[in-house]
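Asker: From the sequence below, what's the structure:
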Amino acid sequence: MSATSARRMGAVLPLGGALLAAVFIYFPALNSPFHSDDYLLLLASRDMPWSDFLRSSFDPGADPGALRLSANYWRPLSFVTFRLIYVVFGDEPLPYHLFNLAVHLASVVLVYALGWRLTKSRLGAAVAALVMAVHPEGFESITWIASLNSAALPLALAGWLAFTRAIDAESTAARNRWLAASLGLAVVALAYRESVAGIVVAMLLWYGMVERRERLRERETQILAGVHIALLVVYLLLTGILDPDGGRPLIDADQDVFKNWWFYAERGLVPLGSPEPAWQDSAQFIGTVVLIGVAVIAALRRQWLVLALSLGFFVSLVPYAAFSLGRGERYFYIPGALLALLLGAAATVCVASLAKLKTSAPIEQICVLAIAAGAAVTAVTANHRVAGWVETHPEVNQAWVAQLLATYPELPEGGGLFVSKTPPTLNVLDAYILQPMVNYLYEGENHPVYWIQDQYIDYGRSVMKPDDRWFTFEPD
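Answerer: Predicted structure coming up:
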């Protein structure tokens with residue numbers, strides 16, 4: 001094998017392994033049914049005229065209509081993407097899952113490419129891709145169909161790569177073309193999901209602390225950074241995300257921000273979900289301290305890339321820490337890309353330092369084997385988490401739907417539906433999802449849904465009218 005072929009093989013194998021691991025992890029979700037918020041999107045896609053749908057999606061002040069999610073999120077391209085898939089495939093879940101899986105695979109490839117550019121190391125790129133592929137904490141951003149907004153991540157990563165090409169360009173024309181491409185990709189990414197702004201912030205931190213640390217006062221440096229800063233400012237002003245009276249109060253300054261921030265930081269090095277046993281809580285605490293320690297050591301040793309990516313990762317958690325609609329592991333997905341790049345950079349520095357020790361041991365080979373073994377174990381764990389989530393969320397949701405339709409293939413015109421013993425996954429936020437689910441299942445009819453908690457069952461039965469029906473879910 002020639003040296004060139006060996007180098008190509010060395011580049012392809014880690015990336016190929018990461019992509020295979022990602023497919024293995026998410027394979028159990030490919031046939032999972034629709035779940036929760038998916039029905040809001042199904043209902044809006046079926047019942048809203050295109051003109052109303054687009055107005056609700058793009059206009060922050062528009063009446064959301066059946067597209068209720070647009071009242072809280074400015075994610076127009078996410079909604080439009082769902083509807084376009086619906087036009088072609090209807091309520092067949094597989095195409096939606098394939099879209100989300102393609103998003104994840106694209107993110108793995110782009111993290112690999114960006115890791116190579118930032119670290120200039122095959123090891124750094126491989127570690128970054130593996131972490132992105134197998135980190136299990138944000139898996140719902142791929143398994144849950146409504147998370148089509150995760151498409152923001154590969155777009156933002158591609159924008160970062162385009163930005164590096166603008167920096168490296170040898171002519172003004174080439175620089176401007178790549179800068180325009182970077183801005184365009186960032187705009188499209190933000191139109192999928194607002195929190196992807198954290199990727200842009202991390203890019204700017206890297207630009208200032210690594211690429212142009214000695215040239216911050218130069219006009220070109222300020223122009224390249226300034227256009228992206230201006231984009232973020234304009235985006236925040238136009239969408240009203242920070243305005244509590246703007247219709248999309250996503251940021252709540254009254255939240256326990258630091259506690260929530262720590263909640264996400266704990267899921268970086270120790271992605272074990274919510275702590276239950278004391279040892280798990282302690283392990284996650286130690287993992288967070290280690291991440292903070294890495295940033296401190298990087299600052300002391302002037303390892304600017306590691307420091308910039310550490311700060312980028314920590315900053316990317318802040319919007320989720322102040323998120324007005326609660327916290328959850330699934331929000332870790334976009335910050336997880338920055339964690340992957342950080343660990344790739346840290347691994348590069350660590351292995352380089354170990355290689356300087358006077359030892360006959362093959363340090364790099366040992367590290368590679370250890371990383372591959374850890375990735376394999378994590379992939380198996382993540383696969384089990386995905387399979388468990390499918391069993392306890394979408395499949396339970398589908399069991400409820402199947403029982404309801406088997407019990408009442410039709411409902412009396414104008415009659416209400418009283419439901420009790422609903423699965424916990426459908427009871428979130430006062431069971432807000434039940435009404436749009438019933439509206440979708442019984443097309444063209446209006447049946448008010450009344451969620452009756454156990455302590456009020458007798459009262460619920462006492463106020464039923466002749467055309468009302470009662471449905472009690474009986475799990476297998």
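
Asker: give me the number of residues near Ala347?
Answerer: Using other C-beta atoms under 10 Å, the number of residues around Ala347 comes to 23. Heads up, the C-betas are built off the backbone N, CA and C, glycines and all.

Asker: Now for it: which residues touch it?
Answerer: Leu123, Gly124, Val127, Cys367, Ile371 (C-beta atoms under 8 Å, 6 or more residues apart in numbering).

Asker: what number of residues lie near the first one?
Answerer: Leu123 sits with 22 neighbouring residues when counted by other C-beta under 10 Å.

Asker: Now do the helix or strand hosting it: which elements does it pack against?
Answerer: Under the criterion of DSSP states H and E, Leu123 resides in helix 122-134. Helix 122-134 is packed against helix 3-26, helix 93-119, helix 333-355, helix 363-392, with contacts defined by 3 or more C-beta pairs under 8 Å, 6 or more residues apart in numbering; DSSP states H and E.

Asker: List the buried residues for the third one?
Answerer: What that stands for is helix 333-355. 333-351 (16 or more other C-beta atoms under 10 Å).

Asker: what ranges do the strands span in this protein?
Answerer: Secondary structure of the chain (DSSP state E): strands at 417-420, 449-451, 469-472.

Asker: Including mean neighbour count, mean pLDDT and distance to Met209, could these go into a markdown table?
Answerer: Converted to a markdown table, the strands of the chain look like this (neighbours: other C-beta atoms under 10 Å; pLDDT from 0 to 100; distance: least, C-beta to C-beta, whole Å):
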| stretch | mean neighbour count | mean pLDDT | distance to Met209 |
| --- | --- | --- | --- |
| strand 417-420 | 20 | 96 | 55 |
| strand 449-451 | 18 | 95 | 52 |
| strand 469-472 | 16 | 96 | 58 |
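
Asker: tell me the contacts of the residue positioned nearest the centre of the chain?
Answerer: Nearest residue to the geometric centre of the chain (C-alpha atoms, centre = their mean): Tyr333, 3.7 Å. Tyr333 is in contact with Glu137, Gly138, Phe139, Ser141, Ile142, Ser150, Leu153, counting by C-beta under 8 Å, 6+ apart.

Asker: Out of these, which comes closest to Gln435?
Answerer: Ser141 (25.6 Å; C-beta to C-beta).

Asker: Around the closest one, count how many other residues there are.
Answerer: Neighbours around Ser141, by other C-beta under 10 Å: 25.

Asker: now swap in Phe99 and tell me
Answerer: Neighbour tally, Phe99, other C-beta under 10 Å: 18.

Asker: what separates it from Leu69, distance-wise?
Answerer: In this view, Phe99 and Leu69 are 17 Å apart by C-beta to C-beta, to the nearest Å.

Asker: Quick check: the gap between Trp400 and Asp430.
Answerer: On the measure of C-beta to C-beta, Trp400 and Asp430 end up 17 Å apart.

Asker: quick one: which of these two has more around it?
Answerer: Neighbours were counted for Trp400 and for Asp430 using other C-beta under 10 Å; Trp400 has more, 22 against 9.

Asker: can you tell me which residues contact that one?
Answerer: Counting by C-beta under 8 Å, 6+ apart, Trp400 has contacts Thr422, Pro423, Leu426, Phe473.

Asker: quick one, domains of the chain?
Answerer: Using automatic domain parsing, the domain parsing of the chain gives 3-34+91-392, 412-472.

Asker: Excluding covalently adjacent residues, which one is nearest to Ala387?
Answerer: Nearest residue to Ala387, sequence neighbours excluded (C-beta to C-beta, 6 or more residues apart in numbering): Pro28, at 4.1 Å.

Asker: quick one: the one you found and Pro394 touch, right?
Answerer: No - between Pro28 and Pro394 there is no contact under C-beta atoms under 8 Å: 10.8 Å.

Asker: the more surrounded of those two?
Answerer: Neighbours per residue, other C-beta under 10 Å: of Pro28 and Pro394, the larger number sits with Pro394, 23 against 18.

Asker: and Ala355, how far is that from Val80?
Answerer: Plainly put, Ala355 is 50 Å away from Val80 if you go by C-beta to C-beta.

Asker: whoops, I mixed them up, Leu54
Answerer: Distance of Leu54 to Val80, computed by C-beta to C-beta: 7 Å.

Asker: Please apply the same query to Leu224.
Answerer: 31 Å.

Asker: do the same with His35
Answerer: His35 sits at a distance of 21 Å from Val80 (criterion: C-beta to C-beta).

Asker: and those two? which has more neighbours close in?
Answerer: Taking neighbours as other C-beta under 10 Å, His35 and Val80 compare with His35 leading, 24 against 19.

Asker: Check the contact between the more buried one and His393; I expect there is one.
Answerer: Yes - shown here, His35 and His393 form a contact pair, counting by C-beta under 8 Å, at 5.5 Å.

Asker: and Asp59, how many residues sit next to it?
Answerer: For Asp59, using other C-beta under 10 Å, the count is 14.

Asker: what's near enough to touch it?
Answerer: By C-beta under 8 Å, 6+ apart, the contact set of Asp59 is empty.

Asker: State the pLDDT value of it.
Answerer: pLDDT for Asp59: 89.

Asker: Please name the residues that touch Leu291.
Answerer: Applying C-beta under 8 Å, 6+ apart, the residues near Leu291 are Ala265, Gly268, Leu269, Ser310, Phe313.

Asker: Can you lay out those as CSV showing neighbour count and distance to Glu211?
Answerer: Compiled in CSV, the contacts of Leu291 are given as follows (neighbours: other C-beta atoms under 10 Å; distance: C-beta to C-beta, whole Å):
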residue, neighbour count, distance to Glu211
Ala265, 23, 26
Gly268, 25, 25
Leu269, 18, 27
Ser310, 27, 17
Phe313, 26, 18
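
Asker: Just give the number of residues close to the residue lying closest to Ile286 once chain neighbours are set aside.
Answerer: Excluding its sequence neighbours, the residue lying closest to Ile286 (C-beta to C-beta, 6+ apart) is Val270, at 7.6 Å. Using other C-beta under 10 Å, Val270 is surrounded by 20 other residues.

Asker: Return the residues in contact with Val270.
Answerer: By C-beta under 8 Å, 6+ apart, the contact set of Val270 is Gln280, Ala283, Gln284, Ile286, Gly287.

Asker: Let me know the closest of the residues you listed to Asn176.
Answerer: The closest of those to Asn176 turns out to be Gly287 (C-beta to C-beta; 42.9 Å).

Asker: What pLDDT is listed against Asn149?
Answerer: Looking at Asn149, its pLDDT is 95.
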